[in-house]
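Peer 1: here is my input, please return the structure:
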Amino acid sequence: MLRTAAFAAAIASAAAFSAPGPLTLRASAKEVTGVAKVAAAGAAILAAGPAFAGDVDAGEKVFNANCAACHAGGQNSVVPDHTLEKAAIEKFLTGGFNEKAVITQVTNGKNAMPAFGGRLSDDDIANVASFVISKSEEGWE
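Peer 2: Take a look at the predicted model:
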């Protein structure tokens with residue numbers, strides 16, 4: 001369905017910019033409506049979920065290897081109320097609940113949390129931030 005929507009959009013775009021000539025594009029109202037429905041469904045699929053800057057699956061591996069000692073299951077073994085649950089991130093993380101704020105925290109550290117900038121690559125940090133935000137959205141289940 002997504003390919004059909006993309007194809008329909010490409011054909012419509014090409015038709016809009018082509019010079020008039022012997023080739024004409026004719027479609028019934030029913031066909032145009034069907035194409036519009038497919039395009040709308042494709043757009044809804046693309047917009048349905050959150051977009052993450054990093055790779056969530058790779059971030060899980062980085063998290064398990066570097067963060068889980070203190071943050072297993074989204075908890076915090078050092079400062080118990082500073083968990084990785086959405087409400088706590090919104091309350092305690094400078095910058096709020098978003099990947100950029102998690103990247104800043106992981107890179108620079110803060111209070112009892114050490115800085116991982118220089119120890120982890122920028123890609124690893126972006127991936128772990130995507131993982132943390134994703135899991136927080138899901139409720140760390």
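Peer 1: which stretches of the protein aren't confidently modelled?
Peer 2: Along the chain, segments meeting pLDDT under 70 span 1-50.
Peer 1: show me where it has strands.
Peer 2: Using DSSP state E, no strands are assigned anywhere in the chain.
Peer 1: where exactly do the helices run in it?
Peer 2: Assigned by DSSP state H, the chain shows helices spanning 2-17, 29-48, 56-66, 68-71, 86-92, 99-108, 122-138.
Peer 1: so what's the closest residue to residue 88 other than its chain neighbours up against?
Peer 2: Using C-beta to C-beta, 6 or more residues apart in numbering and skipping residues adjacent in sequence, the residue nearest residue 88 is residue 82, 6.0 Å away. For glycine as for every other residue, the C-beta is placed from the backbone atoms N, C-alpha and C. By C-beta atoms under 8 Å, 6 or more residues apart in numbering, the contact list for residue 82 reads 76, 88, 92.
Peer 1: over to residue 138?
Peer 2: Counting by C-beta under 8 Å, 6+ apart, residue 138 has no contacts.
Peer 1: so how far is residue 131 from it?
Peer 2: 11 Å (C-beta to C-beta, to the nearest Å).
Peer 1: hey, what's in contact with both of these two?
Peer 2: By C-beta under 8 Å, 6+ apart, no residue touches both residue 138 and residue 131.
Peer 1: from residue 111, how far out is the nearest residue to residue 67 once chain neighbours are set aside?
Peer 2: Distances taken as C-beta to C-beta, 6+ apart put residue 128 closest to residue 67, at 6.6 Å, once the chain neighbours are dropped. The spacing between residue 128 and residue 111, counted by C-beta to C-beta, is 18 Å.
Peer 1: got it, and residue 71?
Peer 2: From residue 71 to residue 111 the distance is 14 Å (C-beta to C-beta).
Peer 1: neighbour-wise, which of the two wins?
Peer 2: residue 71 (20 against 9; other C-beta atoms under 10 Å).
Peer 1: hmm, that one is touching residue 63, no?
Peer 2: Yes - counting by C-beta atoms under 8 Å, residue 71 touches residue 63, with 7.5 Å between them.
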